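Undergrad: Coordinates for the following, if possible.
(one chain, ligands or ions: 1)
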Amino acid sequence: MLLGPPGSGKGTLAELLEERLAIAHVSTGELFRREVERGTGLGRRVSRYVLEGQLVPDDVVVAVMTRELQRRSLTRGVVLDGFPRTVGQAQGLDRLLMRRKQPLDGALYLTCRPSVLVARLSGRRVCSRCGANYHVQTMPSTRQGFCDRCGGRLVIRKDDRVATIKQRLVIDRAKARPLVAYYRRKGLLHRLDGNGSIDKVFQQALRLFGRQGWLEDDRVKNS
Ligand code: AMP
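TA: Numbering: from 1, shown residues only. This is a model prediction of the structure:
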């Protein structure tokens with residue numbers, strides 16, 4: 001599970017872990033944005049929160065993630081990006097994992113300076129088709145304005161406007177502290193320095209995965 005403020009690199013790290021180590025990831029933000037775009041019942045229910053950078057209520061998030069994780073086999077593991085965001089959601093996840101007898105390996109907490117977060121979020125572009133993340137300066141696509149992976153058009157997320165960014169960071173700060181304490185108490189918290197390049201963050205994650213024995217050795221060596 002990846003914890004950390006918006007812009008700390010959770011989404012990009014989750015994509016790399018999937019690409020290089022074949023560990024699937026589920027991003028609640030991506031999931032909600034897709035539902036909003038499609039105009040589904042769930043999308044209509046959550047759109048106000050998502051567009052304004054507010055947190056979707058815990059009961060909705062836990063119900064959606066329970067359904068999402070129930071339809072997946074978790075034997076190869078899964079990276080959770082952006083869930084849980086509150087202690088209530090963490091407790092909901094605990095109940096679900098207990099029922100499935102699949103304990104959580106760890107919570108990776110990406111720490112990052114506020115100035116870095118704002119710079120990353122304000123330059124972020126996402127693929128409107130597959131959700132892949134880019135940055136105009138640090139991680140541009142090869143063909144400007146289009147996704148390298150699927151050719152979809154790159155857009156600015158509505159909640160990446162400066163005023164909304166600031167609000168999201170304030171909300172996150174309030175919710176993150178108890179959540180981090182929750183996983184520290186359980187002995188599951190691992191801090192990663194999220195200030196550097198994504199490659200540096202990925203290498204830190206890889207070393208942690210190796211130390212914790214979360215991967216077969218060949219996957220770590222080959223990445
Ligand atoms: P993200 O892509 O993770 O930055 O999430 C985008 C938006 O989706 C957030 O600002 C929230 O409105 C909503 N969201 C995503 N994950 C959660 C969550 N675990 N709990 C509540 N709201 C969430």
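
Undergrad: Flag every buried residue along the one helix or strand residue 19 maps to.
TA: Residue 19 belongs to helix 10-21 when assigned by DSSP states H and E. Neighbour counts over helix 10-21 (16 or more other Cβ atoms under 10 Å) mark 10, 11, 12, 13, 14, 15, 16, 17, 21 as buried. Bear in mind the C-beta positions are built from the backbone N, C-alpha and C, glycine included.

Undergrad: Quick check: what element follows that helix along the chain?
TA: Next along from helix 10-21, by DSSP H and E: strand 24-27.

Undergrad: Residues in contact with that following strand: which ones?
TA: 11, 14-15, 17-18, 65, 68-69, 72, 76-83, 131 (Cβ atoms under 8 Å, 6 or more residues apart in numbering).

Undergrad: Given it, what are its sheet partners and their directions?
TA: strand 78-81 (parallel) (DSSP bridges).

Undergrad: Just the residues contacting the partner strand, thanks.
TA: So strand 78-81 is in contact with 1-2, 10-11, 13-14, 17-18, 23-30, 65, 69, 72, 93, going by Cβ under 8 Å, 6+ apart.

Undergrad: Spatially nearest residue to whichever residue of the chain sits closest to the ligand (excluding sequence neighbours)?
TA: Here the residue of the chain nearest the ligand is residue 29; by Cβ to the nearest ligand atom that distance is 2.0 Å. Closest residue in space to residue 29, ignoring its immediate chain neighbours: residue 82 at 4.9 Å, by Cβ to Cβ, 6 or more residues apart in numbering.

Undergrad: now residue 117
TA: residue 7 (3.8 Å).

Undergrad: what packs against the helix or strand harbouring residue 207?
TA: Using DSSP H and E, residue 207 falls within helix 198-212. Packing partners of helix 198-212 (3 or more Cβ pairs under 8 Å, 6 or more residues apart in numbering; DSSP states H and E): helix 10-21, strand 107-111, strand 189-193, helix 217-222.

Undergrad: residues in contact with residue 121?
TA: Neighbouring residues of residue 121 by Cβ under 8 Å, 6+ apart: 6, 7, 160, 165.

Undergrad: which SS state does the second one fall under?
TA: Translated: residue 7. For residue 7, the assignment made with DSSP: H, G, I helix; E, B strand; the rest coil gives coil.

Undergrad: where does this protein come near the ligand, residue by residue?
TA: Those residues of the chain that sit near the ligand, judged by Cβ under 6 Å from any ligand atom, are 6, 28-29, 32, 49-50, 53-56, 61, 82-85, 89, 159, 168.

Undergrad: Mind checking which of these are buried?
TA: In those, burial by neighbour count holds for 6, 28-29, 32, 49-50, 53, 55-56, 61, 82-85, 89, 159, 168, counting by 16+ other Cβ under 10 Å.
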